[in-house]
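**Q** This is the structure alone, sequence omitted:
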Ligand SMILES: Nc1ncnc2c1ncn2[C@@H]1O[C@H](COP(=O)(O)OS(=O)(=O)O)[C@@H](OP(=O)(O)O)[C@H]1O
Ligand SMILES: Nc1ncnc2c1ncn2[C@@H]1O[C@H](COP(=O)(O)OP(=O)(O)O)[C@@H](O)[C@H]1O
């Protein structure tokens, strides 16, 4: 399909500004509209056949990103806006990223998430906490703790966290996320460096002794099946950006743990645009 490229650009500009298109003569408008529809439908077909093809144009990219990543949606086109992540970061004077806190139940994930959001807030930084327990009350209330549901839980939280970081927000996800491949998948959808994994490396016996919700007790009594650390695995991270450990028998205060993360963000330039 051959179409006059400059005419197409004029058409797109006219449509996007919503003012100029009416000024085209009627016959020209009909021709352009019909040619454009044929052009788009031809490109969609082409995209369905060549799943990794990207079709470039000057007004934004028409690409089959979802198809190439194995998504189920067909014929979808990425829509670019003129306000982008870099503009939002400039406004907020910070860089969007995801702090992914992983560890056993009772390891202190939520405590660190709260201390960290407080510490960053007091420095004038915009944050948002995605806590596993809380997300399971809403978005993920349809999911169980079976492996495939945990994977879906993490996938959704990873996608939501990605949106927050694209908004320029420092997003703090606090989830057990027991399986390495699910965490790595969340890392892989973010730009390099923007996924910062924090491993709460607390021994099981410490978490179990804390047991603030009485869940370990129930799991040991066989009243909860598939409890992480008891009868479901926790795959410890191999290369976390930050590891929080006890020093001997002593656990640092939440504020000290949070400061460790703040220092990392500062050093990597996330606390300025
Ligand atoms: N079977 C089982 N295993 C582990 N945890 C359980 C289970 N059943 C309920 N809970 C409670 O659910 C909280 C963990 O939710 P997450 O969404 O973070 O879990 S996961 O990442 O999908 O594994 C977890 O919260 P935290 O203690 O804050 O980690 C528990 O309170
Ligand atoms: N640094 C810490 N020092 C002492 N107690 C802590 C610390 N962090 C968390 N706790 C306590 O441990 C328990 C579990 O913490 P929590 O943040 O709820 O863990 P998780 O979110 O990983 O389940 C809570 O009772 C909390 O007060």
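**A** In hand now; what should we look at? Worth saying up front: this structure is predicted, and the values here are computed from it rather than measured. Ligands and ions are numbered 1, 2, ... in the order given.
**Q** give me every residue that touches residue 157.
**A** With contacts defined as C-beta atoms under 8 Å, 6 or more residues apart in numbering, residue 157 is in contact with 130, 132, 135, 140, 173, 175, 186. Backbone N, C-alpha and C define where each C-beta goes, glycine included.
**Q** what about the residue in the stretch 1-150 of the chain that ligand 1 sits nearest to, how many neighbours?
**A** When distances are taken as C-beta to the nearest ligand atom, the stretch 1-150 of the chain reaches nearest to ligand 1 at residue 132, 2.4 Å away. The local packing count at residue 132 equals 22, with neighbours defined by other C-beta atoms under 10 Å.
**Q** One more: residue 94?
**A** Residues within reach of residue 94, counting by other C-beta under 10 Å, total 24.
**Q** and it, what does it touch?
**A** Contacts for residue 94 were tallied using C-beta under 8 Å, 6+ apart; they are 125, 126, 168, 170, 270, 271, 272, 273.
**Q** If we only consider those, which is nearest to residue 81?
**A** Residue 81 lies nearest to residue 168 out of the contacts of residue 94, by C-beta to C-beta, at 13.7 Å.
**Q** measure the residue lying closest to the residue of the stretch 1-150 of the chain closest to ligand 1 once chain neighbours are set aside to residue 254 for me?
**A** What sits nearest to residue 132 in space, not counting adjacent residues and going by C-beta to C-beta, 6 or more residues apart in numbering, is residue 175, at 3.7 Å. Between residue 175 and residue 254 the computed distance is 18 Å (C-beta to C-beta, to the nearest Å).
**Q** More neighbours: which of those two?
**A** Counting neighbours by other C-beta under 10 Å for residue 175 and for residue 254 shows that residue 175 has the greater number, 28 against 18.
**Q** My guess is the more buried one contacts residue 153. True?
**A** Yes: checked against C-beta atoms under 8 Å, the pair residue 175 and residue 153 is within contact range at 7.4 Å.
**Q** Tell me the helix or strand right after the strand or helix carrying residue 154.
**A** Under the criterion DSSP states H and E, the helix or strand holding residue 154 is helix 147-166. Scanning forward in sequence from helix 147-166, with DSSP H and E defining helices and strands, the next element found is strand 170-174.
**Q** which phi and psi does residue 97 have?
**A** As for residue 97, its main-chain torsions (degrees, to the nearest 10) stand at phi -160, psi 180.
**Q** Make 21 the starting number, not 1.
**A** In the new numbering, first residue 21, that becomes residue 117.
**Q** Excluding covalently adjacent residues, which one is nearest to it?
**A** Sequence neighbours aside, residue 214 is the residue nearest to residue 117 in space, at 4.4 Å (criterion: C-beta to C-beta, 6+ apart).
**Q** Could you measure from the one you found over to ligand 1?
**A** Using C-beta to the nearest ligand atom, to the nearest Å, one gets 20 Å for the distance from residue 214 to ligand 1.
**Q** who's in contact with that residue?
**A** Taking C-beta under 8 Å, 6+ apart, one finds 115, 116, 117, 118, 185 in contact with residue 214.
**Q** Residue 182 too?
**A** Listed by C-beta under 8 Å, 6+ apart, the contact set of residue 182 reads 118, 206, 209, 210.
**Q** of the contacts of residue 214, list those near ligand 2.
**A** For ligand 2, no contacts are drawn from these by C-beta under 6 Å from any ligand atom.
**Q** which SS class is the nearest residue to residue 123 once chain neighbours are set aside?
**A** The shortest distance from residue 123 to any residue that is not its chain neighbour, by C-beta to C-beta, 6+ apart, is 2.9 Å, and that residue is residue 220. Reducing the assignment to helix, strand or coil with DSSP: H, G, I helix; E, B strand; the rest coil, the entry for residue 220 is strand.
**Q** wait, what's in contact with residue 278?
**A** If a contact means C-beta under 8 Å, 6+ apart, then residue 278 has 132, 135, 136, 138, 139 as its contacts.
**Q** Name the nearest residue to the first one, ignoring sequence neighbours.
**A** Spelled out, it's residue 132. Take residue 132 and drop its neighbours on the chain: the residue closest to it by C-beta to C-beta, 6+ apart is residue 277, 5.1 Å away.
**Q** neighbours around the one you found, how many?
**A** Using other C-beta under 10 Å as the criterion, residue 277 is surrounded by 21 other residues.
**Q** Many thanks, have a good one.
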